[in-house]
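[1] Turn this into a model:
(one chain, ligands or ions: 1)
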Amino acid sequence: MDFNSLIRGALPALATNSSHEANDSAGNGFQDSILETLTPLLGFQFNPLLRLCMVLYNTFGSHIGIDPAYILTAVGFVWAANKVWDHLYMTLYSMSRQYFMANVQVSSTDDIYFHMMKWLAAQPNLVDSRSLAAETASTGAWDEEDENELQMERILVDGADGFFNFSTQEAKAAPRFTPALGVHSFWFRGRYFSLHRKQEALFDAAAAGHGMSQFKDKEILVLSCFGRSPEPIKQLLQHAKEQFYTDHQAKTTVRRPASQAMRRYGGRHNWQQVANRPVRPMGTVVLDDEQKTRVLSDMNEYLHPASPRWYANRGIPLRRGYLFHGPPGTGKTSLSFALAGVFGLDIYVISLLDPSLTEEDLLALFTALPRRCVVLLEDIDTAGLQRAQDPASSGSSSSSEDAEEPDTSNGTKTTKKPRHKSKKDWKVSDLARELKRQGGSDAAEKKGISLSGLLNAIDGVASHEGRVLIMTTNKPEALDDALIRPGRVDLQVAFTNATQGQARELFVRMYEPDSSSTSASLLRPAPSPLPPLTPFSDPPPTPVSTASSSSSAPTDPSISGATEVEVEVDDTDPFPHTTTTTTTTTSNNKPIPPPLNLNLNRKEKMHPAELAHIAAQFAAKIPPGLFSPAELQGFLLKRKKAPRRALGEVGGWVAAMVAGKMKGGKVLGVQ
Ligand SMILES: Nc1ncnc2c1ncn2[C@@H]1O[C@H](COP(=O)(O)OP(=O)(O)OP(=O)(O)O)[C@@H](O)[C@H]1O
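    Okay, the predicted model is just below:
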């Protein structure tokens, strides 16, 4: 269809007919001429439709007394004026932005983008704008929740207090709204800002090799303000960043190596945040005071702002390594987190067992660390780090395998002389063994990290300086000497199973008043137990009292004068060792399950002095050095609000656990 001929044909007809069309009672001449013009263009099948339009056109025109052509012309004019205004506005906007405004671009590949988006999402005037993008807001385990609302969701069981039910939580979580793609404006500190959010497709050549899409979307925020100085925008970005990290000092951010696909982009893409948890107060880690003070002051000295110069002047690499060793569940990881909390550092956790991790990756990960941070290599003994093997020696080991093949023909185990088999002598079992051996060595190669690879990453010439490295292990004797030589490990901290003093301290910590019930105190950073910093001074002469480890004191100074503790009182039996369940049966002998114990016990206040007394009694029943703090914590957690019950049941628990440990069984007979 030729649009020009349509215009040329239809408009003259409209013009000639419109003047007398209102008087044309039949209107046939006008309609016919329109139809004659349009039918060849549109086709005969549209004739009935055209006739209908003509009738409506005439009826509408005669009804309002205005020629509809004028209305159409007016609508067209408004539309064109709008288009011209849009164009003019964009031209003026881009000209004013270019000549009269300062601009700052923020790319979505940078952290500032996330700071800015979080700030924008909290601006009421922007969130009330008409053009928004909705996003699912993710919540972490430590984000605040409305406790009252959760209480409403409790399911009643047998008409009594019930279980929490979170099935509707996801549905109730409000989405997050941010300004949509396009141009927006807002005011900040009395100044007008313009925000242009736009999207660009980036060609990613490296992605092609990994079978991924070659294009990826990248967003750009262009922030503008009037004036030739970008200073107000810098202040805005700084403000957004500060807002983003408002509660950061009360949180410890945990990062792990990003996925292999992300690591390709290098730099900060090597690491991904996996958690942002409240700081672990140092007082919650039950450890010998002297050890705690030693590691705290050592790390404090190392992290002193004057340290880099001091180390550089003496040609010493700016690195500090710690080895935390001891049985499982004795607080090695806990202390690492508490230390990160005290110094406000992020934790970077690397698992050397990650099969996707190569030595080059490890090097890149260490290179991408921030200036100050804690790197945690957990259970380093299980990583199977080996010195690179001499191929000759590995070959000899396989021949020695042959050599040690027992000769059982005469019933005695003698060692045969080494014998080289020709290929003809090979049996199926030999082949299987050989394949297994090759498979095993392949697997070892794939696992990727050798001891030299790790040493190179942690203190090779290209490795990062400034970090604190903490390695934890259950078996220090299994570690290679090279890994723990001074310079790589500067301080060793031994962890042991709980002493009676530590058992008492754990007990008190479990039942002391919950100061963290208010979120403010939960988020308060742990006070550093160190005295004011003196650079490169000797360690403080007197150990700082972070927690008392003495078991003889009948009362705990940390809780004297504290508010009373709310504890549960089991009315039926003050010290029940086992839970007796009476089984009721129905008429058809089907057992009716016993009613659930949903913490319906009566609550009462306990004086701190009494709690301290019970704690001392509890500790006296714990054999020193037999149970890890984690085991004791597990026992107490099951009697979370019932210290008297814990005291009553601990004797039976200790006896059952000792018997279990002697048998070496893994299944607990008592909990
Ligand atoms: N010394 C301690 N003080 C306070 N809590 C402790 C202590 N030791 C262990 N716990 C508790 O036991 C649990 C396990 O502790 P953690 O992970 O720190 O032990 P670990 O020594 O690192 O264990 P593993 O060697 O198995 O990694 C944690 O919940 C922690 O709170």
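[2] Pretty sure R255 sits against I350.
    No. Using C-beta atoms under 8 Å, R255 is not in contact with I350, being 9.7 Å away. C-beta: built from backbone N, CA, C; applies to glycine.
[3] ok, the closest residue to the ligand within the chain to M510 distance?
    When scored by C-beta to the nearest ligand atom, the chain has G331 as its residue closest to the ligand, at 2.8 Å. Separation of G331 from M510 (C-beta to C-beta, to the nearest Å) stands at 15 Å.
[4] buried ones in the strand or helix carrying G648?
    Under the criterion of DSSP states H and E, G648 resides in helix 643-663. Using 16 or more other C-beta atoms under 10 Å as the test for burial, helix 643-663 gives P643, R644, R645, A646, L647, G648, E649, V650, W653, V654, M657.
[5] Please apply the same query to stretch 317-325.
    For stretch 317-325, by 16+ other C-beta under 10 Å, it's R319, R320, G321, Y322, L323, F324, H325.
[6] you'd agree the third one is in a strand?
    Yes. Read with DSSP: H, G, I helix; E, B strand; the rest coil, G321 is one of the residues of a strand.
[7] show me what contacts it?
    Counting by C-beta atoms under 8 Å, 6 or more residues apart in numbering, G321 makes contact with I458, V468, L469, I470, M471, G487, R488, V489, D490, L491.
[8] with those in mind, which one is nearest to D86?
    Closest approach between those and D86, by C-beta to C-beta: V468, at 57.3 Å.
[9] Tell me who's in contact with the residue lying closest to that closest one once chain neighbours are set aside.
    Once flanking residues are discounted, V468 sits nearest to V374: 4.8 Å by C-beta to C-beta, 6 or more residues apart in numbering. Taking C-beta under 8 Å, 6+ apart as the criterion, V374 is in contact with S336, L339, A340, F343, L345, D346, I347, Y348, R467, V468, L469, I470.
[10] secondary structure class for the closest residue to the second one other than its chain neighbours?
    Using C-beta to C-beta, 6+ apart and skipping the chain neighbours, the partner closest in space to L339 is M299 (6.2 Å). With three-state DSSP as the basis, the three-state label of M299 is helix.
[11] In a helix, A102, correct?
    No. Checked against three-state DSSP, A102 lies outside a helix; its state is strand.
[12] Export the contacts of G321 as JSON lines, with columns for secondary structure.
    Compiled in JSON lines, the contacts of G321 are given as follows (three-state DSSP):
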{"residue": "I458", "secondary structure": "helix"}
{"residue": "V468", "secondary structure": "strand"}
{"residue": "L469", "secondary structure": "strand"}
{"residue": "I470", "secondary structure": "strand"}
{"residue": "M471", "secondary structure": "strand"}
{"residue": "G487", "secondary structure": "coil"}
{"residue": "R488", "secondary structure": "coil"}
{"residue": "V489", "secondary structure": "coil"}
{"residue": "D490", "secondary structure": "coil"}
{"residue": "L491", "secondary structure": "strand"}
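[13] from those, which single one is nearest S185?
    V468 (45.7 Å).
[14] How about that closest one: which residues does it bridge to?
    Per DSSP bridges, the residues bridged to V468 are R320, V374.
[15] Residues of the protein that sit close to the ligand?
    284-287, 328-334, 472, 474, 495, 629-630, 633 (C-beta under 6 Å from any ligand atom).
[16] Write the ChimeraX selection for whichever of those are buried.
    Entered in ChimeraX, the line below selects the buried ones among those, by 16+ other C-beta under 10 Å:
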select :284,285,286,287,329,330,331,332,333,334,472,474,495,629,630,633
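[17] still on that earlier bit, so the residue nearest to L339 touches A340, yeah?
    No. With contacts counted by C-beta under 8 Å, M299 stays clear of A340, the gap being 9.9 Å.
[18] So what's the residue count around the residue lying closest to P370 once chain neighbours are set aside?
    Take P370 and drop its neighbours on the chain: the residue closest to it by C-beta to C-beta, 6+ apart is D346, 7.1 Å away. By other C-beta atoms under 10 Å, the residues close to D346 number 19.
[19] now D346: how far from L636?
    D346 is 31 Å from L636, by C-beta to C-beta.
[20] Next: R176.
    39 Å.
[21] A134 reaches A174, doesn't it?
    No. The pair formed by A134 and A174 falls short of the contact definition of C-beta under 8 Å, at 9.8 Å.
[22] higher neighbour count, the two?
    More neighbours surround A134 than the other of A134 and A174, with 11 against 8 (other C-beta under 10 Å).
[23] who's in contact with I347?
    I347 neighbours (C-beta under 8 Å, 6+ apart): T252, T253, V254, R255, S336, F337, A340, C373, V374, V375, L376.
[24] Next, the contact list for the first one, please.
    Residues counted as contacts of T252 (C-beta under 8 Å, 6+ apart) are N276, R277, P278, V279, R280, F337, A340, G341, L345, D346, I347.
[25] Please identify the pairing partners of the helix or strand where it lies and their relative orientation?
    When elements are assigned from DSSP H and E, T252 belongs to strand 251-257. Partners of strand 251-257 in the sheet, by DSSP bridges, are strand 271-278 (antiparallel), strand 347-350 (parallel).
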